[in-house]
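[1] Fold the following for me, if possible:
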Amino acid sequence: MSDQTVKVTLNQQQDYQFQVDFEGGVPALLADEPPPLGQSKGPSPVQLLAAAVGNCLSDSLLFALRKFKQAPEPISCEVVAEVGRNAEGRLRVRTITARLKLGVPAAQLQHLDRVLEQFESYCTVTQSVGQGIPIMVHVRDADDVMLK
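    Numbering: from 1, shown residues only. Now for the predicted structure:
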């Protein structure tokens, strides 16, 4: 498999607000820090990181289920990034917890055990970020039954 690159360009608009431009015709977004540094005019870097982890996990779960011709929609995901100070007093993302929820009861999905065993290993972002930040993943079905 050949390597690929992803390029994102950030341009300061004012203070801590940066326009984030993506390749391939993807709409730009404005990123900003929360007060007191910024004005929360857009997602913060930590919010973008949490969104990237949650989006990648959701995509991986959907892809894994669709490989078995299953329809789990709509999938939802809540991600909580715990931010705290390290030994030097600097803010760091300590842990990330992702809670995915399937749109249907587990009983309606075939091969679910196999999918739940494997889908995380195919998530590029989570596997990369997880090398430096502990990531906990929970999956529930539409009936709120804990599956993982």
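[2] Below-threshold pLDDT in the chain: ranges please.
    Within the chain, the stretches with pLDDT under 70 are 1-2.
[3] longest helix of it?
    Using DSSP state H to define each element, the chain has its longest helix at helix 45-67.
[4] CA atoms only for whichever helix or strand comes after it, dumped as CSV, please.
    Note on helix 45-67: by DSSP states H and E, the next helix or strand toward the C-terminus is strand 76-85. The C-alpha trace of strand 76-85 is given here as CSV (Å, rounded to 0.1, in the frame of the first residue of the first chain):
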residue,chain,number,x,y,z
SER,A,76,-24.0,8.4,17.3
CYS,A,77,-20.9,9.1,19.3
GLU,A,78,-20.1,11.2,22.3
VAL,A,79,-16.4,11.9,23.1
VAL,A,80,-15.1,13.3,26.3
ALA,A,81,-11.5,14.5,26.5
GLU,A,82,-10.2,15.0,30.0
VAL,A,83,-7.8,17.9,30.1
GLY,A,84,-5.5,18.5,33.1
ARG,A,85,-2.1,19.7,34.1
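[5] List the neighbouring strands of strand 76-85 plus their orientation.
    In the sheet, strand 76-85 lines up against strand 91-101 (antiparallel) (DSSP bridges).
[6] what's the helix or strand following the strand it pairs with packed up against?
    Scanning forward in sequence from strand 91-101 by DSSP H and E, the next helix or strand is helix 112-118. On a contact count with 3 or more C-beta pairs under 8 Å, 6 or more residues apart in numbering; DSSP states H and E, helix 112-118 meets helix 45-67. C-beta coordinates here come from the backbone N, C-alpha and C atoms, glycine included.
[7] residue contacts, Leu112?
    Contacts for Leu112 (C-beta atoms under 8 Å, 6 or more residues apart in numbering) come out as 65, 70, 106, 147.
[8] with the residues you listed in mind, which one is nearest to Gln118?
    Using C-beta to C-beta, Leu65 is the member of these that sits closest to Gln118, with 10.9 Å.
[9] ok, that closest one touching Leu109?
    Yes - Leu65 lies in contact with Leu109 (C-beta atoms under 8 Å); the separation is 6.5 Å.
[10] residues shared between the contacts of these two?
    Jointly contacting Leu65 and Leu109 under the rule C-beta under 8 Å, 6+ apart are 72, 115.
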